[in-house]
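Visitor: Pasted the sequence and its predicted model underneath.
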Amino acid sequence: MTEENIFLFVPNLIGYARIIFAFIAFYFMPTSHLIASFFYLLSGFLDAFDGHAARVLNQGTRFGAMLDMLTDRCATMCLLVNLAMLYPESALLFQLSMSLDVASHWLHLHSTVVKGGESHKSIDLSGNRILRLYYSSRTVLFIMCAGNELFYCMLYLLCFGEGPEILPGTVGLYRLILWVSTPIAMTKSLISLVHLISASCNMAALDVAERAKRK
């Protein structure tokens, strides 16, 4: 039997495309905000398809799960770095957002793997209700992730203009999307905080169990 090449699985190929599009976005970010935004959102949009491809083609892998999470975290972090430079008065908020996003997902993934899960989306259904809803409902997960990315992307675009007017004399498209996505982004940050607390409790419980076995 021919050995499978995990690196060439369709979900992972989509993941590589996401990385390439993210690189293009950050290359153009200082000079062409529309091209940068298009490729950034395209990279994020493809996130909805790699997981679907993994399920349909039975090509879910630990490597793919890690690639997916790292691409999400690194892309968002790079955009936040740009936003910190464009909005220096709010740099601390962007730094806190980066730290919370990376720390919560890393600790959540680590605690999940230690408990025997294959990815950060493997949720114990008897665990936290908020995380259970977040990861078990694809609709909720998509809305939260898409809304969060749109919020940061609109902040970036607003540095260059309001965008097309919805109606003459009214707010531009970028600001309208920002207003709609703001509560979603705030909710996503709260979920990241729940991630961090829940994962910390899980790791502490595992430590307690291991120490009890040694006694």
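Guide: Thanks, I have the structure now.
Visitor: where does this protein dip in pLDDT?
Guide: Within the chain, the segments meeting pLDDT under 70 span 1, 116-127.
Visitor: Okay, helices next: where are they in it?
Guide: For the chain, the helices defined by DSSP state H occupy 10-28, 33-45, 47-56, 62-86, 91-114, 129-136, 138-157, 173-214.
Visitor: how deep is the residue lying closest to residue 24 once chain neighbours are set aside tucked in, by neighbour count?
Guide: Sequence neighbours aside, residue 39 is the residue nearest to residue 24 in space, at 4.5 Å (criterion: Cβ to Cβ, 6 or more residues apart in numbering). C-beta: built from backbone N, CA, C; applies to glycine. By other Cβ atoms under 10 Å, 21 other residues sit near residue 39.
Visitor: Same question for residue 21.
Guide: 21.
Visitor: quick one, what contacts it?
Guide: Contacts for residue 21 (Cβ atoms under 8 Å, 6 or more residues apart in numbering) come out as 39, 40, 42, 43, 46.
Visitor: was I right about the fourth one contacting residue 15?
Guide: No. With contact defined as Cβ atoms under 8 Å, residue 43 and residue 15 do not form a contacting pair (10.0 Å).
Visitor: so what sits against both of the two?
Guide: residue 71.
Visitor: Can you tell me how far the residue most central in space within the chain is from residue 40?
Guide: Geometric centre of the chain, nearest residue: residue 72, 4.2 Å, by Cα atoms, centre = their mean. For residue 72, the distance to residue 40 (Cβ to Cβ, to the nearest Å) stands at 12 Å.
Visitor: again with residue 66
Guide: Relative to residue 40, and taking Cβ to Cβ, residue 66 is found at 21 Å.
Visitor: quick one: which of those two has more around it?
Guide: residue 40 (26 against 16).
Visitor: tell me the contacts of that one?
Guide: Here residue 40 is in contact with 21, 22, 25, 26, 75, 79, 149, 153 (Cβ under 8 Å, 6+ apart).
Visitor: okay, now the fifth one: neighbour count?
Guide: Okay, so that is residue 75. Residue 75 has 22 nearby residues by other Cβ under 10 Å.
Visitor: Residue 97 versus the closest residue in space to it that isn't next to it in sequence, what's the distance?
Guide: Excluding the flanking residues, the one nearest residue 75 by Cβ to Cβ, 6+ apart is residue 22, at 4.6 Å. Distance of residue 22 to residue 97, computed by Cβ to Cβ: 18 Å.
Visitor: burial of the residue nearest to residue 79 when sequence neighbours are not counted, as a residue count?
Guide: Once flanking residues are discounted, residue 79 sits nearest to residue 152: 5.4 Å by Cβ to Cβ, 6+ apart. When neighbours are defined as other Cβ under 10 Å, residue 152 has 21 of them.
Visitor: okay but residue 152 is in contact with residue 81, surely?
Guide: No. Judged on Cβ under 8 Å, residue 152 makes no contact with residue 81 at a distance of 11.1 Å.
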